[in-house]
Structures are given as C-alpha cells and as structure tokens.
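Trainee: the following block contains a protein sequence and its predicted model.
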Amino acid sequence: MSGKAAIGSRRQKTRLSLLYLLVLTFPITMNYFSPVIIMMAASDGVMNFSFFYWTGFLILSLLLGRALCGWLCPLGGIQEIKDRSVPKRLPNYHWLRPLKFGLTLVWMAALVALAALGGGYTRVDLLYLTESGVSIDRAAGWVIYGIIAGMVLLPAFFVGQRGFCHYFCPWSGLNIVGTWLKTKLRLWSLHLVSDASKCTNCGTCDRSCPMSLPVHEMVQRADMYHHECIYCGTCVDNCPSGAIRYRWGRPPDRVREAKQPAQ
C-alpha cells in the first residue's frame, strides 16, 4: 500500500470509528444534541448544552464547512452503518430539496418565539432535563430513541444513502448556510480542491461518495463546492490518482474559476 493510500485508509478508519462510537454512546448523549430540549429550555429562559452545541455547529461551519456532519454526527453514523450494510444509491429528487430548509426555518422560528415568550434567556443550565447526566435513564427514553432511529433510518432505506441528511435534516441547514458563507466570502477554511489533469475517469469518487454527489463532474469543472458535501474525505482517500485533496486556506474564487475556459 502506498503512503497516500495508507493515510487515506487510516483517516477513514478514524472517521468511521468516531461515528460508530457516537452511535454507541447516543443513549447517553442524546439530550445533548436534542433540538427539542433546546426549545423547551428556551421557553424557560435557559441556555442548555444543546443551545451551545447548535450555536457552535453553525460557527464551526465557517471554518470546517459540513465536516461535523461527516465526522461527528451520531445520526450520520446510524445512516452510514445501514448504508455500508445495505447500500442504495440516492436518487436526485429535486422536489424534495427545499423541504429541509423549510424545516430549518420552522425550527429556528419556533426557537426564537419560545425564547421571546419565555422572557428571554436568563440563565445557563447545561444539564437541563438531564440532571443524571445520562439521556436515557428511564424506559420512556428508549421510546424516544426508537422514534429518532426510525426517523433517520426510514429515508436511508426507502430513499437512499444518507437520505435523511439530504432531504429531511433541518439542522443541516445551519452548516449549509455557514459553508456557503465561507465559500462566498472566501474565508480561510477547510475545503476540497481537484486537479482534472490527474483524473483517469474511473468513477471511484462517484461510487464511494456517501452523499451520492456527482464528484467526477465536480472534478472536471474544477469546482468542488457542493452544499451537500460533508467533507468526509471519502473521495480524497479513494481516488487512485490523487486528483482530489483537502486544503486549508482561502477557497477558490468560484466566479473567477467559472469564467475560465474548460481545459
């Protein structure tokens, strides 16, 4: 195995290990991510752990894009376990695309309204409704866990790989906005770059992408930006010719690049 292949293999093993660990510990940590408990806390004027988590989720997207979805999301981990066991390519349902953005707006509006009705934020309680520190400490918690797992797995089974992320996840709207801003403003950040001259048109990048993105097409037009890219690095680590790589720095000027003639 070449040095690059070895690094790629280790990187993907690390990524998957992190995701699987988050899935295993989700019965403990579920409330810390909860988009429902954050609203309940808001109505009581409380900033709980998930308030800081989702705030950080948005802020970090200005630096890391959607990498948290690809590396540190337990719901993504649940889907990847299914997708690696029962793979199903994701169709491009154009009519479903706006759904999750609508859900994001509804969730954010509800959060703001509840905080306003509660008199605004007045205190911090990181363990709000999780006083034991463990999310599932009674039987009812397993029912909620089952509902969440079903909500995530059903699209993955019936729509395709990472189907929940693509079309139904209201929280991905946060880091999609952050990724778009960092790319538009060319903020110093993590991003992908490609070299079409190295591409052998083998299609490995398309087949390996867990988000079913047209990676080969992105490589050919030298524009690796896609709002559904979760920066998992699967295309980077599986490309046999090294045509795609991670880079830290200012993202390419997409307007300028688009005006350049095709090579």
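Mentor: Thanks, I have it.

Trainee: which element, helix or strand, includes the spatially most central residue of the chain?
Mentor: With distances taken as C-alpha atoms, centre = their mean, residue 69 lies nearest the centre of the chain, 2.2 Å away. Residue 69 is located in helix 67-71, with elements delineated by DSSP states H and E.

Trainee: and that helix, what does it pack against?
Mentor: Contact partners of helix 67-71 among helices and strands, from 3 or more C-beta pairs under 8 Å, 6 or more residues apart in numbering; DSSP states H and E: helix 3-24, helix 49-64, helix 172-184. In this view, the C-beta of every residue, glycine as well, is placed from N, C-alpha and C.

Trainee: what about the residue nearest to the centre of the chain, distance to residue 227?
Mentor: Note on residue 69: its distance to residue 227, by C-beta to C-beta, to the nearest Å, is 11 Å.

Trainee: go on, residue 28?
Mentor: Per C-beta to C-beta, residue 28 is found 32 Å from residue 227.

Trainee: now residue 41
Mentor: 29 Å.

Trainee: and these two? which has more neighbours close in?
Mentor: Neighbours per residue (other C-beta atoms under 10 Å) separate residue 41 from residue 227, with residue 41 holding more: 27 against 16.

Trainee: where does this structure dip in pLDDT?
Mentor: Residue ranges of the chain with pLDDT under 70: 1-8, 255-263.

Trainee: that one: strands as residue ranges?
Mentor: Assigned by DSSP state E, the chain shows strands spanning 46-47, 123-124, 189-194, 244-249.

Trainee: for the last one, buried residues please.
Mentor: Neighbour-count burial for strand 244-249, with 16 or more other C-beta atoms under 10 Å as criterion, is recorded at 244-245.

Trainee: ok, and what's touching it?
Mentor: Identification of contacts with strand 244-249 by C-beta atoms under 8 Å, 6 or more residues apart in numbering yields 188-194, 205, 215, 219, 224, 231, 233, 235-236.

Trainee: mind listing what residue 28 touches?
Mentor: 133-136.

Trainee: from these, pick the one nearest residue 177.
Mentor: Taking C-beta to C-beta as the measure, residue 177 lies nearest residue 135 of those, at 27.6 Å.

Trainee: if I look at that closest one, how far off is residue 170?
Mentor: Taken as C-beta to C-beta, the span from residue 135 to residue 170 is 20 Å.

Trainee: which of those two has more neighbours?
Mentor: residue 135 (21 against 17).

Trainee: just checking, the more buried one touches residue 33?
Mentor: No: applying C-beta atoms under 8 Å as the test, residue 135 and residue 33 come out as separate, 9.1 Å apart.

Trainee: follow-up on the earlier one: quick one: which two of the contacts of strand 244-249 are the most distant?
Mentor: Using C-beta to C-beta, the two most remote members of the contacts of strand 244-249 are 188 and 205, lying 25.6 Å apart.

Trainee: hey, where'd the helices end up in the stretch 51-200 of the chain?
Mentor: 67-71, 74-85, 97-117, 139-158, 163-167, 172-184 (DSSP state H, counting those that start in this stretch).

Trainee: can you list the buried residues in the longest one?
Mentor: Which is helix 97-117. Within helix 97-117, the residues that qualify as buried are 100, 103-104, 107, 111, 114-115, counting by 16+ other C-beta under 10 Å.

Trainee: in TSV: the residues you listed, plus distance to residue 46.
Mentor: Listed next are these as TSV, based on distance: C-beta to C-beta, whole Å:
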residue	distance to residue 46
100	27
103	23
104	22
107	17
111	12
114	11
115	10
